[in-house]
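Peer 1: attaching a predicted model along with its sequence, questions to come.
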Amino acid sequence: LARPAIIGYSFDNNIKPTLDAVQNYLNLSTDELRKMILRQPSIIGYSFDNNTKPTLDAVQNYLKLSTDELRKMIFSSPQLIGCSFDDNTKPKLDAVQNYLELSDDELRKIVLRLPAIIDLRFDSNIKPTLEILQDRLEISDAELKEMVVTMPSIIGYSNIVPKLDWLQTTFDLNQLQLVKLVKKETMLMGVNLD
């Protein structure tokens, strides 16, 4: 068990009230709640009023999310509930926004399309990936920004250089053709080379 203390919790006094509060707050079906808890069981051990609700409220307010957008985002990436907004989430989002010179709306769109960005470390995951992508494609800051806004999942890709090399070699592309292809068909970066 990842959180053995949960075994000692009272179902009626701790677990059920937490599950009910999360389900009601996010307007989740019973099946959605079950799936979310199976993916992130530690939610059971959080205090809704002291941890979960403040985190959800902060994320919703910061990104100006509707209740439905928040529900979809948290259902997709329930680990976000366990992140400290002030110590983890906000600094990471600020770093991404500043690095790419994103508007608030662009940042919001990226997070909605890639909620897992909040789980990535800026200095050891996000920034190096963006630097490698920009260096390998020899693109401007504005072009990098456009690529990320168009397809945020590119931030989470690994092995970017081998993928770009493969695309360039396989399709016999010069550098300019490669850049045009990746901009037009960014989803090609998701190709599995295994």
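Peer 2: Structure received.

Peer 1: hey, let's count contacts and neighbours off CA atoms from now on
Peer 2: OK.

Peer 1: mean confidence for stretch 109-117?
Peer 2: Computed over stretch 109-117, the mean pLDDT rounds to 93.

Peer 1: now stretch 178-191
Peer 2: Model confidence over stretch 178-191, given as mean pLDDT, is 83.

Peer 1: same check, this time on stretch 17-24
Peer 2: On average, stretch 17-24 scores 92.

Peer 1: quickly find the element holding the residue of the chain most remote from its centre.
Peer 2: The outermost residue of the chain relative to its centre, with distances by Cα atoms, centre = their mean, is Asp172 at 33.6 Å. Following DSSP states H and E, there is no helix or strand that holds Asp172.

Peer 1: and it, how far from Asp165?
Peer 2: Using Cα to Cα, to the nearest Å, Asp172 is found at 10 Å from Asp165.

Peer 1: over to Pro41?
Peer 2: According to Cα to Cα, Pro41 and Asp165 sit 40 Å apart.

Peer 1: these two: who's more crowded?
Peer 2: Neighbour count, other Cα atoms under 10 Å: between Pro41 and Asp165, Pro41 has more, with 18 against 14.

Peer 1: quick check, pLDDT for Pro4.
Peer 2: 53.

Peer 1: hmm, I was thinking of Phe11
Peer 2: With respect to pLDDT, Phe11 scores 68.

Peer 1: tell me how many other residues surround the nearest residue to Val22 once chain neighbours are set aside.
Peer 2: The shortest distance from Val22 to any non-neighbouring residue, by Cα to Cα, 6 or more residues apart in numbering, is to Phe48 (7.2 Å). As a burial measure, Phe48 scores 22 neighbours (other Cα under 10 Å).

Peer 1: give me the secondary structure label for Leu28.
Peer 2: Under DSSP: H, G, I helix; E, B strand; the rest coil, the three-state class of Leu28 is coil.

Peer 1: need the nearest residue in space to it, chain neighbours excluded.
Peer 2: Arg71 (7.5 Å).

Peer 1: report all helices and strands that the helix or strand hosting that neighbour contacts.
Peer 2: Element membership of Arg71, judged by DSSP H and E, is helix 67-76. Judged by 3 or more Cα pairs under 8 Å, 6 or more residues apart in numbering; DSSP states H and E, the packing partners of helix 67-76 are helix 16-26, helix 53-63.

Peer 1: now tabulate these in JSON lines and tack on distance to Glu131 and mean neighbour count.
Peer 2: As requested, these are exported to JSON lines (distance: least, Cα to Cα, whole Å; neighbours: other Cα atoms under 10 Å):
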{"stretch": "helix 16-26", "distance to Glu131": "36", "mean neighbour count": "17"}
{"stretch": "helix 53-63", "distance to Glu131": "25", "mean neighbour count": "17"}
